[in-house]
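A.B. asks: generate coordinates for the sequence data below:
(chains A and B)
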Amino acid sequence: DAKTTQPPSMDCAEGRAANLPCNHSTISGNEYVYWYRQIHSQGPQYIIHGLKNNETNEMASLIITEDRKSSTLILPHATLRDTAVYYCIVRVAPGRNAGNMLTFGGGTRLMVKP
Amino acid sequence: ETGVTQSPTHLIKTRGQQVTLRCSSQSGHNTVSWYQQALGQGPQFIFQYYREEENGRGNFPPRFSGLQFPNYSSELNVNALELDDSALYLCASSLGGQGKFQETQYFGPGTRLLVL
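C.D. replies: Presented below is the predicted three-dimensional model:
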């Protein structure tokens, strides 16, 4: 399984964009990049996912580099409620065993400050 | 909210006891995955159920077992509880199938288990 590397923590000022990086240099061609976040030991919340094109939804934007070895999650206008641990996950390739599990790393603890 | 519910929210057991945790999947989802999250760590995959059969398992001993029912709800059973089993237990539901790429997994709020 491709592994991901994220900074352990980041700070962001309220109202500013939060840019969370993730390295996944061993990603395979058919593996997706998923982002989840977890607020104060609640269940992880799905944010966004992508394969190779940039993606945007109501929560965030996902920028994937052309070589797919890294990506950035962008929260365009961070609020205090965005304070959470953000997990970047590379999804197990389709058809493999282990039931399409999600492999969580340590994530990035984002602190949004007033 | 995701529509995935779990019960109970909190539970205290003693070492050696058995516990059953329950999960109701989101409407339309046929697959349930279970994860264990120890304090300060990311969730770890326990196993997944698709159409009432186990569809993959992580590195957990056989005393962790599960069931999925015809309505796609699921149970996680842990026998002979150990102190290290204290954790947040999460279930996630999705739409998919064995050997096929699945849709996004959506998580419930979790059950916090404390083993004394």
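
A.B. asks: show me which residues of chain B are close to chain A?
C.D. replies: Neighbours of chain A within chain B, by CB under 8 Å from any CB of the partner chain: B:2, B:4, B:33, B:35, B:41-45, B:47-48, B:50, B:55-58, B:88, B:90, B:92, B:94, B:96, B:98-102, B:104-110, B:112. No exception for glycine: its C-beta is placed from N, CA and C like everyone else's.

A.B. asks: my guess is residue B:82 meets residue B:116, correct?
C.D. replies: No: applying CB atoms under 8 Å as the test, residue B:82 and residue B:116 come out as separate, 11.2 Å apart.

A.B. asks: what do these two both touch?
C.D. replies: Taking CB atoms under 8 Å, 6 or more residues apart in numbering or on different chains as the criterion, residue B:82 and residue B:116 both touch residue B:15.

A.B. asks: related to what we said a few turns ago, the residues of chain B next to chain A, buried ones only, as a ChimeraX selection?
C.D. replies: Buried residues among the residues of chain B next to chain A (16 or more other CB atoms under 10 Å in any protein chain shown), as a ChimeraX selection:
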select /B:2,4,33,35,42,43,44,45,47,48,50,55,56,57,58,88,90,92,94,96,98,102,104,105,106,107,108,109,110,112
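
A.B. asks: tell me which of the residues of chain B next to chain A fall in strands.
C.D. replies: B:33, B:35, B:44-45, B:47-48, B:50, B:55-57, B:88, B:90, B:92, B:94, B:106-107, B:112 (DSSP state E).

A.B. asks: ok, residue B:31 to residue B:93 distance?
C.D. replies: Distance of residue B:31 to residue B:93, computed by CB to CB, to the nearest Å: 7 Å.

A.B. asks: okay, and the common contacts of these two?
C.D. replies: Common neighbours of residue B:31 and residue B:93, counting by CB under 8 Å, 6+ apart, are B:25, B:72.

A.B. asks: more neighbours, these two?
C.D. replies: Per other CB atoms under 10 Å in any protein chain shown, whichever of residue B:31 and residue B:93 has more neighbours is residue B:93, with 28 against 25.

A.B. asks: so that one versus residue B:104, what's the distance?
C.D. replies: To residue B:104, residue B:93 is 10 Å away according to CB to CB.

A.B. asks: do residue A:72 as well
C.D. replies: Using CB to CB, residue A:72 is found at 20 Å from residue B:104.

A.B. asks: also residue B:40?
C.D. replies: According to CB to CB, residue B:40 and residue B:104 sit 26 Å apart.

A.B. asks: can you tell me the centre-most residue of chain B?
C.D. replies: The centroid of chain B falls nearest to residue B:34 when counting by CA atoms, centre = their mean (2.8 Å).

A.B. asks: what number of residues lie near the residue nearest to that residue when sequence neighbours are not counted?
C.D. replies: Nearest residue to residue B:34, sequence neighbours excluded (CB to CB, 6 or more residues apart in numbering or on different chains): residue B:46, at 4.3 Å. Other residues near residue B:46 come to 23 when the count uses other CB under 10 Å.
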